[in-house]
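Asker: how would this look folded up:
(2 chains)
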Amino acid sequence: MSTVQEIEAAADLLPVEQKEELLRFLAVRLRKERKQSQPRIYSNQEVATMLAEDEADGERFRKGR
Amino acid sequence: MAIAAALSETGASRLVFDLAAAQGWVLVLSPWVLHEIRNNLVHLSPAATRTWLALRTKVFLEDDELMFDWPLLFNVTKDKPVLCTALACADVLLTLDRQDFGPLLGQTVYDLRVLTPGNFLRTEREDKRLRPRKG
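Answerer: Residues are numbered from 1 along each chain as shown, chains lettered A, B, ... in the order given. Predicted structure coming up:
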């Protein structure tokens, strides 16, 4: 048994309790195997864009706008 | 937002840091965000890193919340940990990151407002919540 179709067909034959057990097994494996997102490094362009907006906002705030 | 505060003395982000104590705002960061700030500042400027070390003392560190019980029906996969932590412990999420949070900026997510620092300052003033400066 090596294809998803074969495994699905076999899973269909399981009683409900074992289907639930299989589901929990897959959920645990998926959590471990899924790549966790990582904090990102902003590009110089992204930083420049953010800074420009932030400084313009700071100036507007100081001027009461 | 913290990266901008470290890099610019005149931006809205630095103003938020400077006004926080007098306004009664508690600035909160998660370890995830702290990690991101350090990673970025190392590449940007040693002076900004030194500035950040001073600003860091004004911030309260919360644990990362990586799970949230309610469904999040939008695509913020990359910064989901940031959003989950903010949902768990903050009233407002301040960010300049339009790539990850663009669709949420100006919106409210389960009572959490998502704003740029500039818009946060403006709404605080427009809603007359800003306390007058002493002296």
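Asker: Beta-bridge partners for the residue sitting nearest the centre point of chain B, please?
Answerer: Centroid check for chain B by CA atoms, centre = their mean gives residue B:94 as the closest residue, at 3.6 Å. Bridge pairing for residue B:94 (DSSP bridges) gives the partners residue B:115.
Asker: Let's see the pLDDT reported for residue 65.
Answerer: In the absence of a named chain, chain A is used. Looking at residue A:65, its pLDDT is 77.
Asker: ah, no, chain B please
Answerer: In this model, residue B:65 carries a pLDDT of 61.
Asker: about what we covered before: could you double-check that the residue nearest to the centre of chain B sits in contact with residue B:115?
Answerer: Yes - Residue B:94 lies in contact with residue B:115 (CB atoms under 8 Å); the separation is 6.0 Å. Just so you know, the C-beta spots here come from the backbone N, C-alpha and C atoms, and that holds for glycine as well.
Asker: Where does the one residue in chain B that gets nearest to chain A fall, secondary structure wise?
Answerer: Nearest to chain A in chain B, going by CB to the nearest CB, is residue B:118, at a distance of 2.4 Å. Using DSSP states H and E, residue B:118 maps to helix B:117-126.
Asker: chain center to that helix: distance?
Answerer: 13 Å (CA atoms, centre = their mean, to the nearest Å).
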